[in-house]
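Engineer: predicted structure and sequence below. I'll ask about it afterward.
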Amino acid sequence: MYNSKIVGAGHYVPEKIVTNKDLEKIMDTSDEWIRERSGIEERRFAEMGVDTTANMGTKSAKIALERAGLTADDVDFIVFATLSPDYYFPGPGVTVQHELGCKRTVGALDVRNQCSGFIYSLSVADQFIKTGMYKTILVIGSELQSSGLDLTTRGRGVSVLFGDGAGAVVLQRTEEENKGILSTHMHSEGQFAELLCVKSPGNHTKEKFYKDMHEDYKNTSPQMDGQAVFKNAVVRFSQVIMEALKANNCAPADLDMFVPHQANLRITQFVQRKLQLPDNKVYSNIQKFGNTTAATIPIILSELWEKKGIKENDLFVLAAFGSGFTWASALIRW
Ligand code: COA
């Protein structure tokens, strides 16, 4: 069996910055409320017709490949995580295969695990590499969420939290032992599916899908029971991190960096206290980008890559929780 290692990371965010003050102008909210509850100061919103979920993914993938010293022709497979695809079907993975100009008709898999989507995707890619089926896999998380948010006072409980952006990593086979992705851990609890979801269009009601799309417009924006999400998130984040550490005979004190999905700064701080991690071992950028769902973790990895914030042998834990509910972790030795 081989191991898989991240050999490049890139990200792309739309140019348009939307501050909390900008949101105050279009709904009944305040900079103070948003910062206090979530830590968010601003987020990026895509320009419709310019940015799409797929092309932001492609842009971040190009940077990741360049940093890895590879080209599109080295890519054996693409895994793309998003909850905000360009089309209801097909998923955006195939668009990346085209936009990258891959000479080969490599496979493209789309993963729908919302905020846990990037770690689920990383895990899938890791298995393909471990078995020797593929050598180089692009793993992408990208979201264009702003177009689906209810940006009125009615939707403020959800819409102030989310932003647009994309991140990608190149995962490659390594024969080094105890390096790269040490293990991944995934969970779900579907009884809570409707506590954080977009209901329509979908086949969950007796209404026809077509009717849903045209008449059930009130359900086409995300709905969330924020407090239930918060309570479950803090428990599951901690559990799944400890699961990854225990599986590798490690303890929180061994970690060099905790890379949490950027759901809410208060969730991150809660988990940080529980694991007794110092500030310099926890990465947060929710202040700048809000919650970009499947993209938060690869954006962080790319920022760390740019800042040369990753050293040989560093031990990282990635962890996420979100809609489903689903949650997941990955332990990485660089
Ligand atoms: N601006 C101003 N007021 C707002 C608001 C906004 N954007 N959104 C909600 N409010 C109001 C509510 O209407 C409510 O008013 P009321 O008491 O008069 O009814 C009040 O603020 C408190 O709302 P509540 O939902 O109890 O706030 P909260 O302390 O639970 O914080 C969240 C809300 C969403 C920030 C918090 O629950 C949370 O972070 N949950 C997890 C979210 C998450 O991580 N989601 C992504 C999963 S990956």
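Structural biologist: Done, it's in.

Engineer: mind listing the helices for the stretch 1-150 of the chain?
Structural biologist: Counting by DSSP state H, counting those that start in this stretch, the stretch 1-150 of the chain forms helices over residues 20-24, 31-38, 53-68, 93-99, 117-130, given from the N-terminal end onward.

Engineer: any idea of the mean pLDDT for the second one?
Structural biologist: Okay, so that is helix 31-38. When the per-residue pLDDT values of helix 31-38 are averaged, the result is 97.

Engineer: same question, the longest one
Structural biologist: The average of the pLDDT scores along helix 53-68 is 98.

Engineer: please shift the residue numbers so they start at 57 in all later answers.
Structural biologist: Yes, from this point I'll number from 57; that puts the last item at helix 109-124.

Engineer: then that helix to CSV, C-alphas only?
Structural biologist: Taking C-alpha atoms only, helix 109-124 is exported to CSV below (Å, rounded to 0.1, in the frame of the first residue of the first chain):
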residue,chain,number,x,y,z
THR,A,109,-18.4,27.2,-8.8
ALA,A,110,-16.6,25.2,-11.4
ASN,A,111,-14.3,28.0,-12.7
MET,A,112,-13.3,29.1,-9.3
GLY,A,113,-12.4,25.5,-8.6
THR,A,114,-10.4,25.4,-11.9
LYS,A,115,-8.5,28.6,-10.9
SER,A,116,-7.6,27.2,-7.5
ALA,A,117,-6.6,23.9,-9.1
LYS,A,118,-4.3,25.6,-11.6
ILE,A,119,-2.4,27.3,-8.7
ALA,A,120,-2.2,24.1,-6.7
LEU,A,121,-0.8,22.3,-9.8
GLU,A,122,1.8,25.0,-10.4
ARG,A,123,2.9,25.0,-6.8
ALA,A,124,3.3,21.2,-7.1
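
Engineer: for residue 306, which three-state class applies?
Structural biologist: Here residue 306 takes the coil state, with states given by DSSP: H, G, I helix; E, B strand; the rest coil.

Engineer: on that earlier part again, which one, of the helices of the stretch 57-206 of the chain, ends up nearest to residue 66?
Structural biologist: Using C-beta to C-beta as the criterion, the shortest distance between residue 66 and these is 2.7 Å, found for helix 109-124. Using the backbone N, CA and C atoms, a C-beta is placed for each residue, glycine as well.

Engineer: centre of the chain to the closest one, how far?
Structural biologist: Here helix 109-124 is found 15 Å from its chain centre; the criterion is C-alpha atoms, centre = their mean, to the nearest Å.

Engineer: go on, stretch 238-250?
Structural biologist: Here the centre of mass of C-alpha atoms in stretch 238-250, compared against the chain's by C-alpha atoms, centre = their mean, lies 14 Å away.

Engineer: check stretch 58-67 too.
Structural biologist: The chain centroid and the centroid of stretch 58-67 are separated by 16 Å, computed with C-alpha atoms, centre = their mean.

Engineer: quick one: average pLDDT of it?
Structural biologist: The average pLDDT for stretch 58-67 rounds to 97.

Engineer: okay then, goodbye and thanks.
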